[in-house]
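Enquirer: dropping a prediction and its sequence here:
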Amino acid sequence: MVLNGDEVLGRHLAESPSASGEWNETRKLKRDPRVTFVGAVLGKLSLDELPPLINIFRGEMSIVGPRPIVSDEVQMYGPHAELYFKARPGLTGLWQVSGRNDKSYSERVALDCAYVSS
């Protein structure tokens, strides 16, 4: 990630209505200006998932469970936020194996809630 990532993202979203729409719908960008070349390669190979293994070994995360979210995303979970926080966050979850980047944010929330409820 680049330095001052929040500022870079804010500028990018202000300058690009299509990116802003994509961000508002999915909280992801296919071309995220905060990601460096090396970061993009690590992400493409899923090697960016290795550091959370430390959290798994420490018992702070599980292998399977809802992905951790940042405080800005809590509002997107609406009344389901309480249910979401009852589960230990995971490295991978139902929405990742059900379509990964092809799911809308509301579909991701629904899949996370279905997993936690089961």
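Expert: The structure has been received and is ready for your questions.
Enquirer: show me how far the helix or strand where Leu83 lies is from its chain's centre.
Expert: Assigning secondary structure by DSSP states H and E places Leu83 in helix 81-85. Taking C-alpha atoms, centre = their mean, to the nearest Å, one finds helix 81-85 lying 16 Å from the centre of the chain it belongs to.
Enquirer: show me the contact partners of the helix or strand following it.
Expert: Next in sequence after helix 81-85, counting helices and strands by DSSP H and E, comes strand 90-92. For strand 90-92, the surrounding residues in contact (C-beta atoms under 8 Å, 6 or more residues apart in numbering) are Glu49, Pro52, Leu53, Ile56, Met61, Ser62, Ile63, Val64, Gly65, Pro66, Arg67. Just so you know, the C-beta spots here come from the backbone N, C-alpha and C atoms, and that holds for glycine as well.
Enquirer: tell me which element the third one is part of?
Expert: In other words, Leu53. Element membership for Leu53 (DSSP H and E) is helix 52-57.
Enquirer: per-residue confidence averaged over the longest helix seen in the chain?
Expert: Ranked by number of residues, the top helix in the chain under DSSP state H is helix 105-117. Averaged over helix 105-117, pLDDT sits at 86.
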